[in-house]
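>>> Need a 3D model of the sequence below.
(one chain, ligands or ions: 3)
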Amino acid sequence: MELNVKVAAILDEVADLLELKEDSFFQVRAYRRAAREIESLTADVKDLYIRGHLAQVPGIGKAIHDKVVEIVRTGELQYLKDLRNEFPAGLLQVMRVPDVGPKTAGRLYKDLKVTNLQYLRLAAEQHRIRRLKGFGERTEENILKGIRFLESGQGRMLLGYAYPRGKALEEHIRSHGFPQVSLGGSLRRMKETIGDIDILVGSDDPQRAMDTFISYPQTEEVLLKGPTKTSIRLVDGVQVDMRVVEPSSYGAALQYFTGSKEHNVTLRSLAIDLGYKINEYGVYRKESGEKVAGETEEGVYSVLGMQWMPSEMREDRGEIDLSRKGRIPRILELSEIRGDLHTHTEASDGVDSMEAMTEAALGKGYEYLAFTDHSRSLKVGNGLSVERLQENIRLVRKIGERYPDIHLMAGTEVEIDEKGGLDYPPEVLEELDIVVAAVHSRFKMSSEEMTERLLTAISNEHVHILAHPTGRIIGEREGYQFDMEAVLQAAKDNDVAMEINSFPERLDLNDTYCAMAMQRGVTLSIDTDAHNVRQLDYMLFGVATARRGWVPKELVLNALSWDDLRKRLDL
Ligand code: DGT
Ligand code: CA
Ligand code: CA
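Ligands and ions are numbered 1, 2, ... in the order given. Sure, this is the predicted structure:
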């Protein structure tokens, strides 16, 4: 079946290039349709060809038929090579940027003379893309992210990038009649970056499971195909490994392939000490070889005298010891989140209106939602002047009356200046329900200066939350230097919450700083920093980061009920 995938991929690329060329819509569609048909064949194209049945496949007319024959015979297609030669080689790469595709690449080529990734990046950075008709800021941002991802090449991808792709693939497999399917590896542990996606299936029919996996429409290439493991690369470059085991080994395999490797190494030596052998198929008595567990993950841990623990905790950071003592802590759940305390609207640099954000928050069952648009000195964020801020507060109150089921809060994400002062005077901050303070400038000061700056901001009586405390952008810039111990202590003393910013490229605080904050009893606020309604979904990643730091709900500001939050904020 590998050949089917290849034929489909070649036909797809032909369609892409024809589209780039602005060839007839019907041609493009014919190639795409043929690709889909061949992809979903249950027989091998080569067999069909040999038996003379190829022409009977629906959607394969004479011209495409001849091309498929050429690919089956030679493994290549001259027509594709000719098409490729019509364009600058760099443009083909532009087309591979996630969210770009042939149509967009064609526009960028024609209107902006974009012929390679370097030019594409420049055009995006100079904001020339958003000025094209039909393009916007969001597209431009996505393009920059896509380039970053492509260029990271074999590197790691952000959790926020891998997660929806992994989930969609998991769903694809489940929907084909495989109820026993799960993500594994770093993605199940919700690490901030992911090397490759791992998927595990329990089934008596490994062949059909593998075929289902390969038939995923986003598959670009099959990298490896063995009896129990198959690896593919998706069209956007992501590698996915899938393993299939018998249902009686599903739990053991899930445990094994979830990792981490460090957790497994410690677990294995513990098993040996207890007279067992553990592998991806089960737990066995060393003496008799008798299998004593394997069907469920709980069972595997339980025969070793251990309590099951959430996958996010499995990093060999002390969880094995606690589990043996039956003292795994209860950590925060996504369902315990009651609201979002850091979001943006069209008033500053967000995209959506307050109403749209409110309805999305209602859809999540939130009790409260804070609007925290940027403050006046953040010019790139279209920060609000004092007048516009006051107007915005009135708007929040007015809209709030229309939504009795949720408490809308007027707030700000206020700039912290280089001395630790805030961008609005105290009497203005006084009018707000919530103040989120943030550093967006002068990152490169000494650690002493930066610590002073943060301590000054935290000790300001109007501040409730310190936004993205370290300022790091994953894969792009390290956070600024400061004394984290001192800042955490000050946060505790001043009853200021440290933020876990849920943006996939931020996740700031990260998991280990969350653990530090948790051990010191510092309150955390898990915020999305959403700039549109969809980004409210990022909450999941912030919660995962908190879980990786073993944070309990009791330490989370936005896990408080509205009543408790209001008392806490003196509202
Ligand atoms: P990644 O992909 O780099 O983000 O990290 P993982 O943790 O997903 O690692 P990966 O994909 O190489 O392997 C998936 C899981 O398989 C890993 O979490 C634990 C398990 N595993 C892999 N190699 C070993 C090994 O040598 N020993 C043990 N005990 N487990 C392993
Ligand atoms: Ca992995
Ligand atoms: Ca893997």
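>>> Distance of R33 relative to T266?
Distance, R33 to T266, by C-beta to C-beta, to the nearest Å: 53 Å. From N, CA and C alone the C-beta is placed, and that goes for glycine too.
>>> Oops, could you answer that again for N382 instead?
51 Å.
>>> go on, S377?
Distance from S377 to T266, by C-beta to C-beta: 50 Å.
>>> next one: A209
Distance of A209 to T266, given as C-beta to C-beta: 31 Å.
>>> cool, G61 as well?
For G61 relative to T266 (C-beta to C-beta), the value is 60 Å.
>>> biggest helix in the chain by residues?
Ordering each helix of the chain by length in residues (DSSP state H) puts helix 2-20 first.
>>> just checking, what packs against that helix?
Counting contacts by 3 or more C-beta pairs under 8 Å, 6 or more residues apart in numbering; DSSP states H and E, helix 2-20 is packed against helix 25-39, helix 45-50, helix 62-74, helix 78-85, helix 89-96, helix 101-112, strand 219-225.
>>> Those: which one's closest to ligand 1?
In terms of C-beta to the nearest ligand atom, the element of the helices and strands packed on helix 2-20 nearest to ligand 1 is strand 219-225, at 13.2 Å.
>>> In the closest one, which residues are buried?
T219, E220, V222 (16 or more other C-beta atoms under 10 Å).
>>> Bridged to the last one, which residues?
The residues paired with V222 through beta bridges, assigned by DSSP bridges, are I232.
>>> That one contacts K229, doesn't it?
No. Contact between V222 and K229 fails when scored by C-beta atoms under 8 Å: they sit 11.7 Å apart.
>>> okay, and the common contacts of those two?
Common neighbours of V222 and K229, counting by C-beta atoms under 8 Å, 6 or more residues apart in numbering, are absent.
>>> show me where the stretch 351-500 of the chain has strands.
Ranges of strands within the stretch 351-500 of the chain are 368-371, 407-415, 434-438, 465-466, 497-501, based on DSSP state E, counting those that start in this stretch.
>>> Mind putting those into TSV with distance to ligand 2 and mean pLDDT?
Listed next are these as TSV, based on distance: least, C-beta to the ion, whole Å; pLDDT from 0 to 100:
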stretch	distance to ligand 2	mean pLDDT
strand 368-371	35	98
strand 407-415	35	98
strand 434-438	33	98
strand 465-466	33	98
strand 497-501	23	98
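>>> Pull the contacting residues for E478.
Counted by C-beta under 8 Å, 6+ apart, E478 has contacts R472.
>>> which ones are touching the residue lying closest to I272 once chain neighbours are set aside?
Nearest non-adjacent residue to I272, counting by C-beta to C-beta, 6 or more residues apart in numbering: K286, 7.6 Å away. Residues near K286 by C-beta under 8 Å, 6+ apart: I272, G275, Y276, K277.
>>> Out of those, give me the two with the largest separation.
Distance extremes for the contacts of K286: the farthest pair is G275 and K277 at 8.9 Å, using C-beta to C-beta.
>>> Looking at the two, which has the bigger crowd around it?
Shown here are G275 and K277; by other C-beta atoms under 10 Å, K277 has more neighbours (14 against 9).
>>> Could you pull up the contacting residues of the more buried one?
A271, V283, Y284, R285, K286.
>>> now do L234
Contacts of L234 (C-beta under 8 Å, 6+ apart): R165, Y216, Q218, T219, E220, V240.
>>> G61 and T266 - which one has more neighbours?
Using other C-beta under 10 Å, the more surrounded residue of G61 and T266 is T266, with 16 against 11.
>>> returning to what we had before: got any residues that touch both of G275 and K277?
Contacts common to G275 and K277, judged by C-beta under 8 Å, 6+ apart, are R285, K286.
>>> ok, which residues in this protein are in contact with ligand 3?
With C-beta under 5 Å from the ion as the criterion, the chain meets ligand 3 at residues D196, D198, D241.
>>> Outside of stretch 32-46 itself, list whatever touches it.
Contacts of stretch 32-46 (C-beta under 8 Å, 6+ apart): 1, 3-5, 7-9, 11-12, 15, 48, 54, 57-60, 64, 68, 72, 215, 217.
>>> 6 Å - rerun?
Under the contact criterion C-beta atoms under 6 Å, 6 or more residues apart in numbering, stretch 32-46 has outside partners 3-4, 7-8, 11-12, 15, 57-60, 64, 72.
>>> want to try JSON lines for these, with pLDDT as columns?
JSON lines is the format used below for the contacts of stretch 32-46 (pLDDT from 0 to 100):
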{"residue": "L3", "pLDDT": "83"}
{"residue": "N4", "pLDDT": "84"}
{"residue": "V7", "pLDDT": "92"}
{"residue": "A8", "pLDDT": "90"}
{"residue": "L11", "pLDDT": "94"}
{"residue": "D12", "pLDDT": "90"}
{"residue": "A15", "pLDDT": "93"}
{"residue": "V57", "pLDDT": "88"}
{"residue": "P58", "pLDDT": "86"}
{"residue": "G59", "pLDDT": "86"}
{"residue": "I60", "pLDDT": "91"}
{"residue": "I64", "pLDDT": "95"}
{"residue": "V72", "pLDDT": "93"}
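>>> Mark which of these are buried, thanks.
Buried, going by 16+ other C-beta under 10 Å: L3, N4, V7, A8, L11, D12, A15, V57, I60, I64, V72, out of those.
>>> can you pull the contacts of the one residue in the chain that gets nearest to ligand 2?
Using C-beta to the ion, G185 is the residue of the chain that sits closest to ligand 2, at 3.2 Å. Contacts were defined as C-beta under 6 Å, 6+ apart; by that measure G185 touches D198.
>>> Spatially nearest residue to D236, not counting backbone neighbours?
Going by C-beta to C-beta, 6+ apart, D236 has P98 as its nearest residue, at 4.8 Å.
>>> ok, now how distant is that neighbour from ligand 1?
19 Å (C-beta to the nearest ligand atom, to the nearest Å).
>>> so that residue, which of the three states?
What DSSP: H, G, I helix; E, B strand; the rest coil gives for P98 is coil.
>>> what pLDDT does the residue nearest in space to the middle of the chain get?
Nearest residue to the geometric centre of the chain (C-alpha atoms, centre = their mean): G160, 0.9 Å. G160 carries a pLDDT value of 93.
>>> what residues are up against it?
Taking C-beta under 6 Å, 6+ apart as the test, what G160 contacts is P504, F541.
>>> again, 7 Å this time
G160 makes contacts with P504, Y538, F541, as judged by C-beta atoms under 7 Å, 6 or more residues apart in numbering.
>>> Kindly report the same for H342.
So H342 contacts A370, T372, E413, V436, I465, A467, E499, D527, T528, D529 (C-beta under 7 Å, 6+ apart).
>>> For the stretch 251-400 of the chain, which segments count as helices?
261-273, 297-303, 319-324, 354-363, 386-402 (DSSP state H, counting those that start in this stretch).
>>> I would like the residues contacting the longest one, please.
By C-beta under 7 Å, 6+ apart, the surrounding residues in contact with helix 386-402 are 347, 354-355, 358, 371, 373, 376, 384, 408, 410, 412, 424, 428, 431.
>>> can you rerun that using 6 Å?
A347, M354, F371, L408, A410, V428, E431.
>>> Any chance of the backbone angles for the residue in the stretch 301-450 of the chain positioned nearest to ligand 1?
Of all residues in the stretch 301-450 of the chain, R314 sits closest to ligand 1, at 8.5 Å by C-beta to the nearest ligand atom. Here is the backbone geometry of R314 (degrees, to the nearest 10): phi -90, psi 70.
>>> Could you double-check that it lies in contact with N264?
No. When contacts are counted by C-beta atoms under 6 Å, R314 is not listed as touching N264 (8.4 Å).
>>> Of those two, which one has the most company?
R314 (23 against 19).
>>> quick one: low-confidence parts of the stretch 101-250 of the chain?
151-155 (pLDDT under 70).
>>> Touching, H468 and F503? I think so.
No. Taking contacts as C-beta under 6 Å, H468 lies outside contact range of F503: 8.0 Å.
>>> quick one: which of those two has more around it?
H468 (25 against 21).
>>> list the contacts for that one?
E499, N501, R506, D508.
>>> bridging residues for the last one?
Yep, that's D508 we're talking about. N501.
>>> Pull up the residues of the stretch 101-250 of the chain that are close to ligand 1.
G185, S186, I194, G195, D196, D198 (C-beta under 6 Å from any ligand atom).
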